[in-house]
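1. Sequence and predicted structure are below.
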Amino acid sequence: MLIDQKMKMADVVLHDPTLVPVINRFGIHLGFGDQTIEEICKTHGLHVQFFVITLNAFHDKLYFPTEQLQSFKASLLIDYLQKAHRYFLEDKTPEIADLIERTLREDDVNKTTYGLIKKFFNEYREEFAKHIEREDQIIFPYVLKLEKALEAGTAEEQLLHKIQTHPIVEYEAEHEDVEAKIFDLKNIIIRYLPTPNNDALWYQILREIFTLEKELAEHARIEDLILIPKVEAMEKAIKGGN
Amino acid sequence: MGQFRNVVVIEKNYLIQAGLEAIISELPGMVFQKACMGSEKNLAHLLIKQNPDVVIVNPFSLDQPVAVFLNTLNEHISPLIFGLMDKSAPENMKSPFANLLFFSDNKLEIQKKIRNVCEPVSDEQDKKQVLSKREATILKEVVLGLTNQEIADKLFLSVHTVTTHRKNINKKLGIKTVSGLTVYALMNQLVSMDEMENKG
Ligand SMILES: [Fe+2]
Ligand SMILES: [Fe+2]
């Protein structure tokens, strides 16, 4: 289903409750009453089109925004992505790590194996944190500079040089490694886990991992399908203008 | 039908993409993995990473010559490939493909074509998901950090053979990364903690 701004926020969330964390990231919280998406955006001072594109990208894995990309600023997008980064680093992955830690406390028989899973997950967290750090500290500042240069109508030599030597394209196809590890983790737990004495706990871990995987895929999709094309257009505009 | 098969569709017409997804999802064990428009940068590279079992591609959606695209794919992965096009498409567009789906095919025809090609393999593949002795040896070396070249030298194999074994290991275990394989190997005592700590 395509989400549009005339729809009631409550209906949209009834249809797909996994949108709740996305909506929260925009500072919107449960208890929508009867407000439409448009009305809610107005009260919160949000860019409606950007909000709707984000919801759709999250909701439908085949959704592909074609136009409209130029209608909002890159800084909006980056603000959103950074909030998502914090959610992954500060909420989601520590939650899973805690759950895995609990299995170790509760089960003496399988300690060695669970320890391996814990180690694997911690390695994954580190790698993921590095990926995020690169985006936060190198890529996003670069995008913001591009936007400033476009607004000012002039670009510094250094920036022009960077557009030539390290364009945003290089940043694509970077998400597979992070995704591959999550894939492996699911498989190890589902196929090879020694019989646990707390089924419910492992089910919870598994559910959290699936959720993380879905949220990550959506996050990557927003970066790959919205951010990168937008930045490519900006790079082109600057090169053309100079 | 034993193993699940991941299907990627490359077609810029969204209606056709979505239609194929619906038709494919009705088949047992067929999982619609991804739809591509054909104009993505590094499309072949993207697919190689995804490593799908089946690729359905409309050569007219590609923004590169179909031969170049297929060659790049086949160098790295070996999915079953279907060409997707109009029945009246020129012969040189059809000839690169061993299997063809036409826009005018009805649902049953499409499903039958896909099943005909996919099923025979899956049955025999299904029987043995356990690692062979050789695969277990190679897995151990991988986990200990050896490169394909080093493994090849050590076991007197060609690098190509090692690569093939590694692909089979990944497929059988459902694990792709070296860290994932390490967990598996340690869990199953294919390698010991001591060996891991003493590696390189
Ligand atoms: Fe990110
Ligand atoms: Fe990313």
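-> Good, I have the coordinates. Numbers count the residues shown, from 1 in each chain, chains lettered A, B, ... in the order given. Ligands and ions are numbered 1, 2, ... in the order given.
2. In chain A, what residue lies closest to chain B?
-> Proximity of chain A to chain B (C-beta to the nearest C-beta) peaks at A:Asp184, 3.1 Å away. All C-beta spots, glycine's among them, are computed from the backbone N, C-alpha and C.
3. mind checking how far that residue is from A:Pro196?
-> Distance of A:Asp184 to A:Pro196, computed by C-beta to C-beta, to the nearest Å: 19 Å.
4. How about the secondary structure of the residue of chain A closest to chain B?
-> Following DSSP: H, G, I helix; E, B strand; the rest coil, A:Asp184 is assigned to helix.
5. Extract the residue ranges of chain A that are flagged as low pLDDT.
-> A:62, A:64-70, A:172-174, A:241-242 (pLDDT under 70).
6. how does it divide into domains?
-> A:9-63, A:69-240 (automatic domain parsing).
7. What is the neighbour count of the residue in chain B that chain A sits nearest to?
-> Chain A sits closest to B:Gly180 of chain B, with a gap of 3.1 Å, by C-beta to the nearest C-beta. Applying other C-beta atoms under 10 Å in any protein chain shown, we find 24 other residues in the vicinity of B:Gly180.
8. hang on, isn't it packed against A:Arg191?
-> No. Under the criterion of C-beta atoms under 8 Å, B:Gly180 makes no contact with A:Arg191, lying 11.1 Å away.
9. Including mean neighbour count, could the domains of chain A go into a markdown table?
-> Formatted as a markdown table, the domains of chain A follow (neighbours: other C-beta atoms under 10 Å in any protein chain shown):
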| stretch | mean neighbour count |
| --- | --- |
| domain A:9-63 | 16 |
| domain A:69-240 | 16 |
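10. Could you dump those into TSV with distance to B:Val55 added?
-> TSV is the format used below for these (distance: least, C-beta to C-beta, whole Å):
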stretch	distance to B:Val55
domain A:9-63	17
domain A:69-240	17
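11. right, and the secondary structure at A:Asp177 would be what?
-> Put simply, A:Asp177 is helix when judged by three-state DSSP.
12. Pull the contacting residues for B:Ala67.
-> Contacts of B:Ala67 were listed using C-beta atoms under 8 Å, 6 or more residues apart in numbering or on different chains, and they are B:Pro96.
13. Using the three-state scheme, assign it.
-> Secondary structure, three-state DSSP: B:Ala67 is helix.
14. Repeat that for the one 4 residues further on.
-> The three-state label given to B:Asn71 by three-state DSSP is helix.
15. and it, how many neighbours?
-> The local packing of B:Asn71 (other C-beta under 10 Å) involves 12 other residues.
16. confidence score at it?
-> Reported pLDDT at B:Asn71 in the predicted model: 92.
17. before we move on, back to that, can you tell me the element the residue of chain B closest to chain A falls in?
-> Element membership of B:Gly180 [criterion: DSSP states H and E] is helix B:178-187.
18. by contact count, what packs against the helix or strand that that helix is followed by?
-> Downstream of helix B:178-187, the first helix or strand assigned by DSSP H and E is helix B:193-198. Packing contacts for helix B:193-198, counted by 3 or more C-beta pairs under 8 Å, 6 or more residues apart in numbering or on different chains; DSSP states H and E, involve helix B:178-187.
19. 6 Å instead?
-> If you count contacts as 3 or more C-beta pairs under 6 Å, 6 or more residues apart in numbering or on different chains; DSSP states H and E, helix B:193-198 packs onto no helix or strand.
20. Name the residues of that helix that come out as buried.
-> Residues of helix B:193-198 classed as buried: none (neighbour count, 16 or more other C-beta atoms under 10 Å in any protein chain shown).
21. Which residues of chain A lie near chain B?
-> By the rule C-beta under 6 Å from any C-beta of the partner chain, the part of chain A lying against chain B is A:62, A:113, A:116, A:120, A:123, A:173, A:176, A:180-181, A:184, A:187-188, A:192.
22. Would you format those as JSON lines with secondary structure included?
-> JSON lines is the format used below for those (three-state DSSP):
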{"residue": "A:Leu62", "secondary structure": "coil"}
{"residue": "A:Thr113", "secondary structure": "helix"}
{"residue": "A:Leu116", "secondary structure": "helix"}
{"residue": "A:Phe120", "secondary structure": "helix"}
{"residue": "A:Glu123", "secondary structure": "helix"}
{"residue": "A:Ala173", "secondary structure": "coil"}
{"residue": "A:Glu176", "secondary structure": "helix"}
{"residue": "A:Ala180", "secondary structure": "helix"}
{"residue": "A:Lys181", "secondary structure": "helix"}
{"residue": "A:Asp184", "secondary structure": "helix"}
{"residue": "A:Asn187", "secondary structure": "helix"}
{"residue": "A:Ile188", "secondary structure": "helix"}
{"residue": "A:Tyr192", "secondary structure": "helix"}
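23. what residues does chain B put near chain A?
-> Counting by C-beta under 6 Å from any C-beta, chain B comes close to chain A at B:Ala35, B:Asn42, B:Lys49, B:Gly174, B:Ile175, B:Lys176, B:Thr177, B:Ser179, B:Gly180, B:Val183, B:Leu186, B:Met187.
24. Go again with 7 Å.
-> For chain B, the residues in contact with chain A (C-beta under 7 Å from any C-beta of the partner chain) are B:18, B:35, B:41-42, B:45-46, B:49, B:174-177, B:179-180, B:183-184, B:186-187.
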